[in-house]
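# Turn this into a structure:
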Amino acid sequence: QVQLIESGGGLAPAGGSLRLSCAASGRTLSTYAWGWFRQAPGKEREFVAAVNWNGGATAYADSVKGRFTISIDSAKNTGYLAMNSLKPEDTAVYYCAVNPATSRQYYTRVYDYTYWGQGTQVTVSS
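Numbers count the residues shown, from 1 in each chain. Modelled structure (predicted):
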């Protein structure tokens with residue numbers, strides 16, 4: 001079993017930055033794919049960013065491309081989402097997730113992921 005705990009959320013002004021962390025425990029995740037999703041009130045959970053097992057391939061939603069960066073530190077069993085140039089529409093609960101498949105690719109769909117964190121709130125003020 002894998003446990004994921006997100007941190008780093010909070011309140012930021014428009015144009016500001018935040019860095020989310022996702023610490024994993026229960027298993028070594030060196031071969032797992034990681035993803036970040038978000039969910040705003042009244043909306044479905046949506047894809048934000050994904051990375052494959054070694055960080056060599058990434059994908060981003062068009063809405064965050066060029067502003068957000070996903071990364072992983074396998075030695076620390078931790079994933080990160082650096083968010084710059086934040087906009088009020090980035091306000092949501094952000095979730096990290098991991099996929100234990102060994103295909104070495106990244107995944108962009110909610111149902112591709114097996115383990116999820118509890119979420120961390122990000123609020124961007126205008």
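
# Could you use CA atoms for every contact and neighbour count after this?
Noted.

# can you give me phi and psi for the nearest residue to Gly119 once chain neighbours are set aside?
Of all residues not flanking Gly119 in the chain, Tyr95 sits nearest, at 4.5 Å (CA to CA, 6 or more residues apart in numbering). Taking degrees, to the nearest 10, you get phi -120, psi 140 for the backbone angles of Tyr95.

# and the gap between the residue nearest the centre of the chain and Ser126?
Centroid-nearest residue in the chain, with CA atoms, centre = their mean: Trp36, separated by 2.3 Å. To Ser126, Trp36 is 23 Å away according to CA to CA, to the nearest Å.

# which SSE is Glu44 in?
If you go by DSSP states H and E, Glu44 is not part of any helix or strand.

# Report how many residues lie close to it.
Neighbour count for Glu44, taken as other CA atoms under 10 Å: 9.

# Please tell me how far it sits from Val110.
Using CA to CA, Glu44 is found at 10 Å from Val110.

# cool, and Trp36?
Distance from Trp36 to Val110, counting by CA to CA: 10 Å.

# what touches both of those two?
Phe47 (CA atoms under 8 Å, 6 or more residues apart in numbering).

# What are the boundaries of the strands in the protein?
With DSSP state E as the criterion, the chain has strands at 3-7, 10-13, 18-25, 33-39, 46-51, 58-60, 68-73, 78-83, 92-99, 115-116, 120-125.

# got a list of what Gly35 touches?
Counting by CA under 8 Å, 6+ apart, Gly35 has contacts 47-51, 96-98, 106-108.

# My error: substitute Thr123 in the last question.
For Thr123, the contacting residues are 9-12, 88, 90-92, by CA under 8 Å, 6+ apart.

# Which strand residues bridge it?
Per DSSP bridges, the residues bridged to Thr123 are Leu11.
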